[in-house]
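A.B. asks: Quick one, structure for this:
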Amino acid sequence: MERMLNSAEIAEKLGLSVSTIRKWVHFGFIPHVKLGRAVRFKEKDVEAWIEERTEKGRPTLAPEIQWQ
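C.D. replies: Here you go, the predicted structure:
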């Protein structure tokens, strides 16, 4: 079984405050598992969640404008 992280550990990994993580859990924004009153995070699920939200940069600096 993969190790599960608590709110403080996931906050540290993401460079966020624990209160932000708790708000995200409350609103269902970040993937988590509730075990009774305890909230835990599967590292793989959080990594996949981050990957889904990663914006790919443009290959060029200037936007391509197509005049019609």
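
A.B. asks: In three-state terms, label the residue nearest to Val33 when sequence neighbours are not counted for me.
C.D. replies: Of all residues not flanking Val33 in the chain, Arg40 sits nearest, at 5.0 Å (CB to CB, 6 or more residues apart in numbering). (Glycine included, C-beta is placed from N, CA and C.) Following DSSP: H, G, I helix; E, B strand; the rest coil, the label given to Arg40 is strand.

A.B. asks: Need the pLDDT of Arg40.
C.D. replies: With respect to pLDDT, Arg40 has a value of 98.

A.B. asks: Give me the distance between it and Glu52.
C.D. replies: As judged by CB to CB, to the nearest Å, Arg40 and Glu52 stand 20 Å apart.

A.B. asks: And Gly28, by the same measure?
C.D. replies: Between Gly28 and Glu52 the computed distance is 15 Å (CB to CB).

A.B. asks: isn't the residue nearest to Val33 right up against Pro31?
C.D. replies: No. At 10.6 Å, Arg40 does not count as touching Pro31 under the criterion of CB atoms under 8 Å.

A.B. asks: what bits of this protein have low per-residue confidence?
C.D. replies: 62-64, 68 (pLDDT under 70).

A.B. asks: what about the spatially most central residue of it, which helix or strand?
C.D. replies: Nearest to the geometric centre of the chain sits Ile50, at 4.4 Å (CA atoms, centre = their mean). Following DSSP states H and E, the helix or strand that holds Ile50 is helix 43-53.
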